[in-house]
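In: Next input, structure requested:
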Amino acid sequence: MQLTWEAVAASILPSLGGFVSTPYTLKKIKTWYKTLVKPWWTPPEYVFGPVWTFLFTSMGFASYLVWRDGGGFGGEAKTALALYGAQLAINWVWSPIFFGMESVKGGFFIGALLWCTAGVASVAMARVNLTAGLLMGPYMMWLTLATSINFYLWRNNPPKKKKKNN
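Out: Below you'll find the model as predicted:
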């Protein structure tokens, strides 16, 4: 298989949201996130960067396969690519809500919406290109783990009470 610029661009695109949010996410990981009560199944912090890089790259390549085999944005791939784009946008919104706003509740609800949207996108992508659907499998497994962690965080970390200004 010949690697094309389209394949490279599609593989890089999902990481852009992560790169944009990295500076404040890293700061919050070292401060606010460290204070949260986490479940025993939370992976070590050093795992997240490499895993997300792999997942973003593989889902981006999956989108390329769908685009290539489904006739681009106007062909059979149109719905699958629209769903893929929607789940990617939801993915990019999670960090600003969870870390930026320090909202574990908001993060959970965005994560649950992301899990549903990514699942529907994965099925739609598999209908156009089975390999693309299979490439979304590890992402769905990771989202399942992440959503379960986020639910635990929401249930076991009450929101901070706002101070009254008198």
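In: check contacts around the most centrally placed residue in the chain.
Out: A centroid search over the chain (Cα atoms, centre = their mean) returns Asn91, at 3.9 Å, as the residue closest to the centre. By Cβ atoms under 8 Å, 6 or more residues apart in numbering, the residues touching Asn91 are 14, 17, 114, 118. Placement of C-beta: from N, CA and C, glycine included.
In: of all those residues, which two lie farthest apart?
Out: The two members of the contacts of Asn91 with the most space between them (Cβ to Cβ) are Gly17 and Ala118, at 13.9 Å.
In: out of the two, which sits in the more crowded spot?
Out: Legend: neighbour count by other Cβ atoms under 10 Å for Gly17 and Ala118, higher for Ala118 (24 against 18).
In: And the more buried one, how far from Pro158?
Out: According to Cβ to Cβ, to the nearest Å, Ala118 stands 29 Å off from Pro158.
In: Can you tell me the SS state at Leu3?
Out: Counting by DSSP: H, G, I helix; E, B strand; the rest coil, the backbone at Leu3 sits in coil.
In: and it, how many neighbours does it have?
Out: 10.
In: Can you read off the pLDDT for it?
Out: Per-residue pLDDT puts Leu3 at 74.
In: Now stretch 12-27 - C-alpha only, PDB.
Out: Extracted in PDB, the C-alpha atoms of stretch 12-27 (Å, rounded to 0.1, in the frame of the first residue of the first chain):
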ATOM      1  CA  ILE A  12      -2.300  13.600  12.000                       C
ATOM      2  CA  LEU A  13      -5.600  15.500  12.200                       C
ATOM      3  CA  PRO A  14      -7.000  13.900  15.400                       C
ATOM      4  CA  SER A  15      -3.900  14.800  17.300                       C
ATOM      5  CA  LEU A  16      -4.400  18.500  16.700                       C
ATOM      6  CA  GLY A  17      -7.000  18.800  19.400                       C
ATOM      7  CA  GLY A  18      -4.700  17.100  21.900                       C
ATOM      8  CA  PHE A  19      -1.800  19.400  21.000                       C
ATOM      9  CA  VAL A  20      -3.900  22.500  21.500                       C
ATOM     10  CA  SER A  21      -5.100  21.400  25.000                       C
ATOM     11  CA  THR A  22      -1.700  19.900  26.100                       C
ATOM     12  CA  PRO A  23      -0.300  23.000  27.900                       C
ATOM     13  CA  TYR A  24      -3.200  23.500  30.300                       C
ATOM     14  CA  THR A  25      -3.900  19.800  30.600                       C
ATOM     15  CA  LEU A  26      -0.400  19.100  31.800                       C
ATOM     16  CA  LYS A  27      -0.600  21.900  34.400                       C
END
